[in-house]
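Chemist: need a 3D model of the sequence below.
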Amino acid sequence: MEAEDETAEPGGVGVTGVVRSGGGRRWVRRRSRLTVLVVVVVVALVVGGAWWWRHRDTENQAHSPEGAVRGYLTAIAENRADDALAFLEYPPLDRTFLTDDVLAESHALAPMTDIAVEGVRHRPAWPDTVTATYKVGDDSYTTTFEVLRRGSLWSITHSASEGPLDGDVLPKVSLISDRSDIHLPVDVPVLVNGVPATSTSWITMFPGRYRVTSGHALFDLDQQFTAVEDTRRPAEVLLSPRLNDDGARRVADAAQAEFDACLAQHSFATDCGFLGYGSEFFSRAGSGGSPGYGDALDWPVDPTTISWSATGADLSQPDLDRQKGYSVSHGRLYVRSTIDVQLTCTWTGTAGEQVSWEDDMPPGAYRADITDPDHIAVVFGGY
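Modeler: As a prediction, this is how the structure comes out:
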């Protein structure tokens, strides 16, 4: 027989709530399961009730043209994307940027406030219109909405800030690079309010403030715009991708590592192509008994004596033109830079002749492929 706990209270239940008899223990477990079940049911009723209340509220607002417009703008201001779309007669299929999270980011930048809806304007032989005013941040906007009645409910079909009501309800935006050779988002990925854009043309979004950032670790692309008025054709937002400080440092480190590796090679034809810079020297020297450019590798030279050195070969501070120092070629993104370096090559012939050559590397001496930020490939040579 199990000993009774000294902390047990009348009825055989200890302060821990565990009944010391077998039957009592089963009863407590059943009571615990019942409690969990009750909690689950209550939560389900609360969630379902909230959904039903919001659905009924949306439907009630749609019983008048002014209510439909007010409900649409209020849902946007409260980050309720699906509720806002429910007021549209023709909701868009692509809802990439029509979500609660995107709206929340927009309103963190500039909240939508001061929503005011005027009375309905009846137009013979045309759908009625409702005009609304609101603010995005500190800026005020006026938009006229065309509304349509189907049965007892009203929905929004078109909108415009000015001009004819022949555009869609939602604004559209096209994001454009300020350089024709940089194609967004292929070459530099683009994020709008933190969401990747698979296309930067004809982006549909709710009215509000948006922030564009770069999806490339080495490029800055931080710009804000407001989408409100352009429902017939997309507003063009000009973007300027720029190599950031971390990008410049990584390019410099990769270039320095590649350059140092080339200097350590015992060869005329290094991976950095140093021999090409001295082609004129080698050709002239060839007529005087020194190696000519064409037969340099056939000339009797002990390759272990070939040595390269450089003056001014500190590439830690590249002279990168942040606005024009990059280009795209065959789908690869390149950053180019100039360096001021004097090369010296010395070697010894098999007969003991000591020969040396020196020259400056030409401007625009290397390019860095930064398509993959974690594996930057540097190539030296004219560019």
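
Chemist: helices along the stretch 251-383 of the chain, start to end?
Modeler: Assigned by DSSP state H, counting those that start in this stretch, the stretch 251-383 of the chain shows helices spanning 274-277, 279-286.

Chemist: would you single out the least confident of those helices?
Modeler: Lowest mean pLDDT of these: helix 279-286, a mean of 41.

Chemist: got the contact list for the closest residue to residue 221 other than its chain neighbours?
Modeler: Nearest-residue entry for residue 221: residue 214, 3.5 Å, with adjacent residues in sequence omitted and distances by Cβ to Cβ, 6 or more residues apart in numbering. (Each C-beta comes from the backbone N, C-alpha and C, glycine too.) Applying Cβ atoms under 8 Å, 6 or more residues apart in numbering to residue 214 gives the contacts 188, 189, 190, 191, 220, 221, 222, 241.

Chemist: if we go to 7 Å?
Modeler: 188, 189, 220, 221, 241 (Cβ atoms under 7 Å, 6 or more residues apart in numbering).

Chemist: among these, which pair sits farthest apart?
Modeler: Taking Cβ to Cβ, the two most distant members of the contacts of residue 214 are 189 and 220; they sit 12.9 Å apart.

Chemist: which stretches of this protein have low pLDDT?
Modeler: Scanning the chain for pLDDT under 70 picks out 1-61, 161-166, 273-300, 317-324, 331, 350, 361-365, 381-383.

Chemist: domain parsing of it, as residue ranges.
Modeler: According to automatic domain parsing, the chain comprises the domains 172-242, 245-380.

Chemist: comparing these, which stretch has the densest surroundings?
Modeler: Comparing the domains of the chain on average neighbours per residue, with mean count of other Cβ atoms under 10 Å, the densest one is domain 172-242 at a mean of 18.

Chemist: tell me the gap between that one and the middle of its chain.
Modeler: Domain 172-242 has its C-alpha centroid displaced from the chain centroid by 9 Å (Cα atoms, centre = their mean, to the nearest Å).

Chemist: please export the C-alpha coordinates of the helix or strand containing residue 82 as PDB.
Modeler: Per DSSP states H and E: residue 82 is located in helix 81-85. Extracted C-alpha coordinates of helix 81-85, given in PDB (Å, rounded to 0.1, in the frame of the first residue of the first chain):
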ATOM      1  CA  ALA A  81      -5.300  43.100 -47.000                       C
ATOM      2  CA  ASP A  82      -8.000  40.400 -47.600                       C
ATOM      3  CA  ASP A  83     -10.700  42.600 -46.200                       C
ATOM      4  CA  ALA A  84      -9.700  45.400 -48.500                       C
ATOM      5  CA  LEU A  85      -9.600  43.200 -51.600                       C
END
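
Chemist: closest to the centroid, which residue in this structure?
Modeler: residue 191 (2.9 Å; Cα atoms, centre = their mean).

Chemist: so what's that one up against?
Modeler: By Cβ under 7 Å, 6+ apart, the contact set of residue 191 is 197, 213, 215.

Chemist: next SSE downstream of the helix or strand that contains residue 143?
Modeler: Secondary structure assigned from DSSP H and E places residue 143 in strand 139-150. Counting by DSSP H and E, the next helix or strand C-terminal to strand 139-150 is strand 153-160.

Chemist: got a list of contacts for that following strand?
Modeler: 59, 62-65, 68-69, 72, 87-90, 127, 143-148, 165-169, 231.

Chemist: that one: how far from the chain's middle?
Modeler: 33 Å.

Chemist: tell me the contacts of residue 206?
Modeler: The contact partners of residue 206, by Cβ under 7 Å, 6+ apart, come to 76, 84, 98, 103, 170.

Chemist: okay, buried residues for stretch 71-81 please.
Modeler: 71, 72, 73, 74, 75, 76, 77, 79, 80, 81 (16 or more other Cβ atoms under 10 Å).

Chemist: and if you look at stretch 120-133?
Modeler: In terms of neighbour count (16+ other Cβ under 10 Å), stretch 120-133 has its buried residues at 120, 127, 129, 130, 131, 132.

Chemist: ok so, going back, most neighbours among the contacts of residue 206, which one is it?
Modeler: Counting neighbours by other Cβ atoms under 10 Å, the top entry in the contacts of residue 206 is residue 84, with 27 neighbours.

Chemist: I figured that one hits residue 77, correct?
Modeler: No: look at residue 84 against residue 77 with Cβ atoms under 7 Å: they stay out of range, at 9.2 Å.

Chemist: nearest residue to residue 170 other than its sequence neighbours?
Modeler: residue 204 (5.1 Å).

Chemist: residues contacting the one you found?
Modeler: 92, 94, 97, 98, 170, 172.

Chemist: out of those residues, list just those in strands.
Modeler: residue 172 (DSSP state E).

Chemist: tell me the one of the contacts of residue 204 nearest residue 114?
Modeler: residue 170 (20.6 Å).

Chemist: in the buried residues of stretch 120-133, find the pair that's most separated.
Modeler: 127 and 132 (15.7 Å).

Chemist: wait, is residue 101 part of a helix?
Modeler: Yes: under DSSP: H, G, I helix; E, B strand; the rest coil, residue 101 sits within a helix.

Chemist: circling back to that earlier point, what is in contact with residue 84 and residue 77 at once?
Modeler: Joint contacts of residue 84 and residue 77 (Cβ under 7 Å, 6+ apart) do not exist.

Chemist: one step back: which among the buried residues of stretch 120-133 gets closest to residue 249?
Modeler: In terms of Cβ to Cβ, no member of the buried residues of stretch 120-133 lies closer to residue 249 than residue 132, at 49.8 Å.
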